[in-house]
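Undergrad: Below: sequence and its predicted model.
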Amino acid sequence: RYCTYCIIPSARGDIRSKSTADIRREAALLADSGYSEIVLVGINLSSYGKDSGENLCDAVNAAGADERIKRIRLGSLEPDLMSDEMLARLAKNDKFCPQFHLALQSGCDATLKRMNRHYDTAFFYDLVKRIRASFNNAAITTDIMVGFAGETEDEFNQSLDFVKKVGFSKSHIFAYSKRAGTMAANLKTQVSAEEKQLRSHKMAQAAAQSEKEFLRHQVGKICKVLFETSLNNVYSGYTENYTPVKVESATDLRRKIFNVKITSCGEDFVTGEVCER
């Protein structure tokens, strides 16, 4: 996509999509080893299939072709490449997990333009609304960059306000750093390290508040949880929308999916009770 801050296109070259046949084979091998959830990842995952006449939905279907695979989750997505047709197909797939990691980068249109991002905040917000209308209890997670070259205080505040408006369930906040060979590295106006640190702190506070509100909204819901780890009879896992859940149990819940009623929330997780075993 040739974002002005990113060296990946120069380092990785053109798009190369793993074939759906290879995805099915790898999914079957993972199922043989006892895995029931698969996460599809890649550089510019939303562009999957542009070199083969397919799209990301075909990869999702291939990954879930084995009946032993119960869940399919997606990695980071480029917002402008997620079409209504793709959303409709994903919504029909019972194995698809409704967690969308949409790489926002900035909530300011002027900053997005300097970044050479291929959307504006109006498009992004409309996409979020369409996702929430299509998927029950969907989670929207994101990446947010602060202190990009030329970012003024007003532009940062616009980005901060937009993040609050969207209400992400989780956000990865990071400060811009120059990469040799990129267009942004040559921009004369660079934000100081001190200002980047200040903006990172402010953005992180806003993101944490959004996360808390999302977790509070989960209380009272009954969700399917795939449990992964345990410590002192407390089992941890994730709902379909990637909410982290902890449950006390005298029996081993690991590597199994149970219905869990969410009863309370903490700082960055919720707690619940198994409804059935």
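TA: Sure thing, it's come through.
Undergrad: can you give me phi and psi for the residue nearest the centre of the chain?
TA: Note on the chain: the residue nearest the mean C-alpha position is H101, at 2.0 Å, using Cα atoms, centre = their mean. Main-chain dihedrals, H101, degrees, to the nearest 10: phi -90, psi 100.
Undergrad: A strand includes Y125, no?
TA: No: counting by DSSP: H, G, I helix; E, B strand; the rest coil, Y125 falls outside a strand, being helix.
Undergrad: now for the longest helix seen in the chain, which elements pack on it?
TA: Counting by DSSP state H, the longest helix found in the chain is helix 193-218. Contact analysis of helix 193-218 by 3 or more Cβ pairs under 8 Å, 6 or more residues apart in numbering; DSSP states H and E lists strand 139-146, helix 153-166, strand 170-175, strand 257-265 as its packing neighbours. For every residue, glycine as well, the C-beta is placed using N, CA and C.
Undergrad: picking up where we left off before, spit out the contact partners of the residue nearest to the centre of the chain.
TA: H101 sits next to L74, G75, S76, L77, T141, T142, D143 when contact means Cβ atoms under 8 Å, 6 or more residues apart in numbering.
Undergrad: quick one: which of these is nearest to E248?
TA: Nearest to E248, judged by Cβ to Cβ, of the contacts of H101 is T141 at 27.0 Å.
Undergrad: Now for the closest one: which residues touch it?
TA: T141 neighbours (Cβ under 8 Å, 6+ apart): Q99, F100, H101, L102, F168, S169, K170, S171, H172, Y242.
Undergrad: Those residues, buried ones only, as a PyMOL selection?
TA: Of these, the buried ones go into a single PyMOL selection, burial set by 16 or more other Cβ atoms under 10 Å:
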select buried, resi 99+100+101+102+168+169+170+171+242
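Undergrad: So the residue lying closest to V41 once chain neighbours are set aside versus I38, what's the distance?
TA: Closest residue to V41 apart from its sequence neighbours, by Cβ to Cβ, 6 or more residues apart in numbering: G75 at 3.7 Å. Counting by Cβ to Cβ, to the nearest Å, the gap from G75 to I38 is 11 Å.
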